[in-house]
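[1] Next input, structure requested:
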Amino acid sequence: MFCKKCGTQLHEQARFCKKCGTPMAVTTPLPDIQQPMPLVTASVQSPTIIEQVPTLAPPLPVKDVIEVKPTLPPPPIVRPAPPLPAKEAVETKPTPPAPIQPQVKTLPPTPPPPIASTEDLKLSPVNAPVEPRREALVPPLAATGAVVAGKVPVDKSDSKRWMLIAGIVLTVALAAGIFWWIRGNGDAAKTAEKQTTNQAASEPPPGMVYVPGGELMMGNEAGELQERPAHKVAVKPFFIDRNEVTCEEYAKFIAATGHRAPPDWADGRYTDSSAQRPVTGVDWDDANAYAVWAGKRLPSEQEWEFASRGTDGRRYPWGNEWRPKQANDISSGLNQTTNVGSFPSGASPFGANDLVGNAWEWTASDWIPYPGGTLPETKLPGPLKVIRGGNYSSNENSATATFRVGYSARGIEYDSSSFRCAKDLSPKSDR
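    Alright, predicted model coming up:
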């Protein structure tokens with residue numbers, strides 16, 4: 001007979017299955033052993049099991065054995081294959097890890113732990129790609145003062161440091177402001193003092209006018225040979241006499257120094273009608289001696305031309321066009337000297353009178369050509385000094401602010417030569 005539960009063939013007298021322990025209540029006759037049992041092929045799923053049952057041998061007599069076991073197992077029973085337990089899973093080869101993106105600092109991936117047995121394997125997480133370990137680039141929250149419970153922690157050391165820096169900056173700015181304020185007031189005071197000093201220094205002495213100086217294009221490209229070429233010169237501020245030195249003023253010099261009188265003065269005296277006329281008949285030495293006695297000097301050629309032409313470089317003291325009777329020249333018809341300042345409309349831009357016409361005027365300069373120029377030939381004995389301005393017989397070509405003549409400093413007649421003086425500004429005004 002067979003066990004109903006497990007199908008094990010049992011002895012007819014067996015009361016329970018010795019394999020599964022199931023009690024036997026009903027005996028089942030043995031199959032006919034005379035007939036061969038058919039070969040049964042069964043298929044099972046996952047995996048498939050095929051069993052072939054051959055013909056059974058005749059059983060032994062009951063009396064000779066206690067339990068009869070067939071040579072072959074009973075007919076197979078088709079059962080679905082149980083699912084494989086997790087411990088019997090087949091180990092698969094791990095998939096190579098995905099390329100690691102470059103980071104600031106990346107550590108090599110941690111290798112998987114060694115497999116001791118198949119029981120240590122699992123179906124899912126074992127074969128997943130291994131993520132590389134990366135070192136944390138962000139410091140811990142406690143070290144950085146991260147946001148906790150909605151509050152932003154503040155590093156007190158940084159706060160104190162910034163407060164210290166701000167205090168230093170404010171202190172430096174305040175000190176700089178005070179320094180520049182003091183300096184500005186000091187500079188303003190110095191500037192005001194300088195302006196006051198310059199204003200006082202630029203106040204001309206009696207009988208003189210102030211000439212501010214500056215750059216001058218000296219000469220005349222369209223003039224005579226000795227007037228060319230025109231060239232730029234710089235002139236410092238100075239004073240110059242408003243009028244030529246008169247006979248009355250020169251007589252005071254003679255009386256004070258015992259200097260010789262001009263040759264045309266009878267008995268060393270000028271006529272009453274000539275008291276306010278420019279003194280004539282004086283050579284360069286006479287004019288220079290008077291200037292030294294008066295505490296002045298003779299003007300240079302550059303100063304004389306600047307005083308006559310002004311800053312705009314005019315040809316005549318009154319402008320660029322010739323105007324008859326603007327000065328005591330040939331157009332006046334006087335044919336002699338006249339009282340100084342008789343032609344105020346012909347004054348220079350700075351208020352100096354009679355710079356052209358009336359009488360020639362000595363300068364302190366030697367007779368030399370301009371840079372790059374030449375001089376006309378002369379038979380006058382030297383040394384020669386420059387005279388300017390023309391006299392009462394000069395025309396529009398010689399009674400100009402640019403015309404110049406070289407004249408003997410001494411030894412000849414000087415019936416139409418005169419002079420005026422110049423003076424430097426005080427040293428304080430040059431600061």
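[2] Residue 357: how many residues sit nearby?
    Applying other Cβ atoms under 10 Å, we find 30 residues neighbouring residue 357. C-beta here means a position set from N, CA and C on the backbone, and glycine is covered the same way.
[3] For it, which residues are in contact?
    327, 328, 329, 332, 343, 346, 389, 390, 391, 392, 394, 399 (Cβ atoms under 8 Å, 6 or more residues apart in numbering).
[4] Residue 209 is in contact with residue 242, correct?
    Yes: the pair residue 242 and residue 209 passes the contact test of Cβ atoms under 8 Å, sitting 5.3 Å apart.
[5] list residues touching both of these two?
    Counting by Cβ under 8 Å, 6+ apart, the contacts common to residue 242 and residue 209 are 351, 352.
[6] Let's have the contacts of residue 357 in JSON lines, adding distance to residue 304 and neighbour count.
    Listed next are the contacts of residue 357 as JSON lines, based on distance: Cβ to Cβ, whole Å; neighbours: other Cβ atoms under 10 Å:
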{"residue": "327", "distance to residue 304": "15", "neighbour count": "28"}
{"residue": "328", "distance to residue 304": "18", "neighbour count": "30"}
{"residue": "329", "distance to residue 304": "17", "neighbour count": "26"}
{"residue": "332", "distance to residue 304": "22", "neighbour count": "19"}
{"residue": "343", "distance to residue 304": "18", "neighbour count": "21"}
{"residue": "346", "distance to residue 304": "16", "neighbour count": "23"}
{"residue": "389", "distance to residue 304": "8", "neighbour count": "29"}
{"residue": "390", "distance to residue 304": "13", "neighbour count": "27"}
{"residue": "391", "distance to residue 304": "15", "neighbour count": "25"}
{"residue": "392", "distance to residue 304": "19", "neighbour count": "20"}
{"residue": "394", "distance to residue 304": "16", "neighbour count": "22"}
{"residue": "399", "distance to residue 304": "14", "neighbour count": "27"}
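[7] What about these, which are in strands?
    Among those, none falls in strands (DSSP state E).
[8] which one of these is nearest residue 309?
    Distance to residue 309, by Cβ to Cβ, is smallest for residue 389 among the contacts of residue 357, at 12.0 Å.
[9] and residue 324, how far is that from residue 340?
    Remark: distance between residue 324 and residue 340 (Cβ to Cβ, to the nearest Å) = 20 Å.
[10] Pick out whichever of these two has more residues nearby.
    The neighbour count for residue 324 versus residue 340, taken as other Cβ under 10 Å, is higher for residue 340 (22 against 11).
[11] Check whether that one really touches residue 278, as I assumed.
    Yes: using Cβ under 8 Å, residue 340 is in contact with residue 278, at 5.9 Å.
[12] Touching both of the two, which residues are there?
    With Cβ under 8 Å, 6+ apart, residue 340 and residue 278 have common neighbours 243, 244, 246, 354, 358.
[13] does the third one really touch residue 337, like I thought?
    No: contact status for residue 246 versus residue 337: not in contact, 10.3 Å apart, counting by Cβ under 8 Å.
[14] list residues touching both of the two?
    Contacts common to residue 246 and residue 337, judged by Cβ under 8 Å, 6+ apart, are 277, 278.
[15] Settle it for me: which of these two has more neighbours?
    Per other Cβ under 10 Å, whichever of residue 246 and residue 337 has more neighbours is residue 337, with 24 against 20.
[16] tell me the contacts of the closest residue to residue 279 other than its chain neighbours?
    Closest residue to residue 279 apart from its sequence neighbours, by Cβ to Cβ, 6 or more residues apart in numbering: residue 250 at 4.2 Å. By Cβ under 8 Å, 6+ apart, residue 250 lies in contact with 262, 270, 279, 282, 290.
[17] Farthest pair within these?
    270 and 290 (14.4 Å).
[18] between these two, who's got more neighbours?
    Set side by side, residue 270 and residue 290 show more neighbours around residue 290, with 23 against 20, by other Cβ under 10 Å.
[19] State the distance from the more buried one to residue 214.
    On the measure of Cβ to Cβ, residue 290 and residue 214 end up 28 Å apart.
[20] Quick check: end-to-end length of stretch 342-360?
    16 Å (Cα to Cα, to the nearest Å).
[21] average pLDDT for that stretch?
    Per-residue pLDDT over stretch 342-360 has a mean of 97.
[22] Pull out the buried residues from it.
    Buried residues in stretch 342-360, counted by 16 or more other Cβ atoms under 10 Å: 342-343, 346-350, 352-360.
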